[in-house]
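Colleague: sequence first, then the predicted structure, then my questions.
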Amino acid sequence: MALTAIIEEHGGPEKFKLVDLDVGAPGEGEVRIAHKAVGLNFIDVYQRSGAYPMTLPHAMGMEAAGVIEAVGEWVTHLKVGDRAAYASNPPGAYAEARVMPAAQVCPLPEGISFEEGAAMMLKGMTVEYLFHRTTPLQSGDTVLFHAAAGGVGLIACQWARSEGITLIGTAGTDEKCQLALDHGAAHCINYRSGDWVQKVRDLTDGKGVDVVMDAVGKDTFDGSLSSLRPLGMMISFGAASGLVPPFEVALLGKKGSLKITRPTLFTHVADHETCQDMARHLADKVLSGDVKINIGQRFALSDVAKAHVSLEARETTGSTVLEI
């Protein structure tokens, strides 16, 4: 039996229930993993609230690290006793242990702790695809990154610095801006202290940035488009402030023949080999010291509702983990 956080109906953090579930044995192409730490992400909020509806009841959570306890037939990249981490469907990471598809579970090198593994997989592989699989980026390019002091943002700040990319961050307080600067952002704008779009323009000599990476959504979308140079790329990869409303596609032409895409991590990691390559690239960045995983908050599994309250209130910095 494994203590597991589930929801039986969509709603607020109060909808979480802690139950003991029978874990069982893995089938073909599956593994059973005993979790040591679990990561929290905004997609968890979307799923819990119903913004991303799920068939209920359902266990929650997309990211964790632990030790492989059992391996099903046809699984060749993992064995019993291996350290492992993942960020993948289906949800179910908020648990002491689970059985899940093995294809997206990745070996976790000895030099990376379980907490770091749980805190880095979804956020770090998101940064990996943003910088390497979405639009061509090279040293000297300029990126605007919203929520630069969050879990994804702090990894992105370091990743950009390691590759010679100028990252302009935004955050909601001066303290969060300083945190982004400390992690490698070239500049960080407190978007509560004036016209942040004009400040982006000023920092780029009026030209605009090459790429915007925006997981905030509704509140920043229009300003993000206005921050781009002609032919620039808008990457909308989240909606922390709400879904982006419909807009006229002709607006992209008026603002300089802009490009826009709405990628997801789970499209990229659906292929086993791609997923494993992305995880290795991320692990190399961490092991080299180019990227350090900032764990700003820790909660017990039994306090998962409190963790969600903090996450939604934007009271968190860096990554948040549940301790098992």
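Modeller: That came in fine, so what should we check first?
Colleague: CA only for contacts and neighbour counts going forward, please
Modeller: Fine.
Colleague: quick check: mean pLDDT of stretch 119-126?
Modeller: Averaged over stretch 119-126, pLDDT sits at 97.
Colleague: which residues touch that stretch?
Modeller: 38-41, 62-64, 85-88, 151-152, 155, 265, 278-279, 282, 293, 295, 319-321 (C-alpha atoms under 8 Å, 6 or more residues apart in numbering).
Colleague: next one: the longest helix along the chain to chain centre, how far?
Modeller: Ranked by residue count, the top helix of the chain under DSSP state H comes out as helix 114-132. Put simply, helix 114-132 sits 6 Å off its chain's centre (C-alpha atoms, centre = their mean, to the nearest Å).
Colleague: could you do stretch 245-256 as well?
Modeller: 27 Å.
Colleague: list the buried residues in it.
Modeller: When burial is assessed from 16 or more other C-alpha atoms under 10 Å, stretch 245-256 yields the following buried residues: 252, 255.
Colleague: and residue 60, how far from residue 239?
Modeller: For residue 60, the distance to residue 239 (C-alpha to C-alpha, to the nearest Å) stands at 19 Å.
Colleague: show me what contacts the nearest residue to residue 305 once chain neighbours are set aside?
Modeller: Using C-alpha to C-alpha, 6 or more residues apart in numbering and skipping residues adjacent in sequence, the residue nearest residue 305 is residue 13, 4.8 Å away. Shown in contact with residue 13 (C-alpha under 8 Å, 6+ apart): 48, 305, 306, 308, 309.
Colleague: make a markdown table from these and add neighbour count and secondary structure to it.
Modeller: Shown next, in a markdown table, are those (neighbours: other C-alpha atoms under 10 Å; DSSP: H, G, I helix; E, B strand; the rest coil):
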| residue | neighbour count | secondary structure |
| --- | --- | --- |
| 48 | 27 | helix |
| 305 | 18 | helix |
| 306 | 14 | helix |
| 308 | 22 | helix |
| 309 | 16 | helix |
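Colleague: most widely separated two among these?
Modeller: 48 and 306 (13.7 Å; C-alpha to C-alpha).
Colleague: now the helix or strand containing residue 158 - C-alpha only, CSV.
Modeller: Following DSSP states H and E, one finds residue 158 within helix 151-162. What follows is helix 151-162, C-alpha atoms only, in CSV (Å, rounded to 0.1, in the frame of the first residue of the first chain):
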residue,chain,number,x,y,z
GLY,A,151,11.3,26.9,-10.9
VAL,A,152,11.5,27.0,-14.7
GLY,A,153,12.8,30.5,-14.8
LEU,A,154,15.8,30.0,-12.5
ILE,A,155,16.9,27.1,-14.6
ALA,A,156,16.4,29.1,-17.8
CYS,A,157,18.5,32.0,-16.4
GLN,A,158,21.4,29.6,-15.8
TRP,A,159,20.9,27.8,-19.1
ALA,A,160,21.0,31.1,-21.0
ARG,A,161,24.1,32.2,-19.3
SER,A,162,25.9,28.9,-20.0
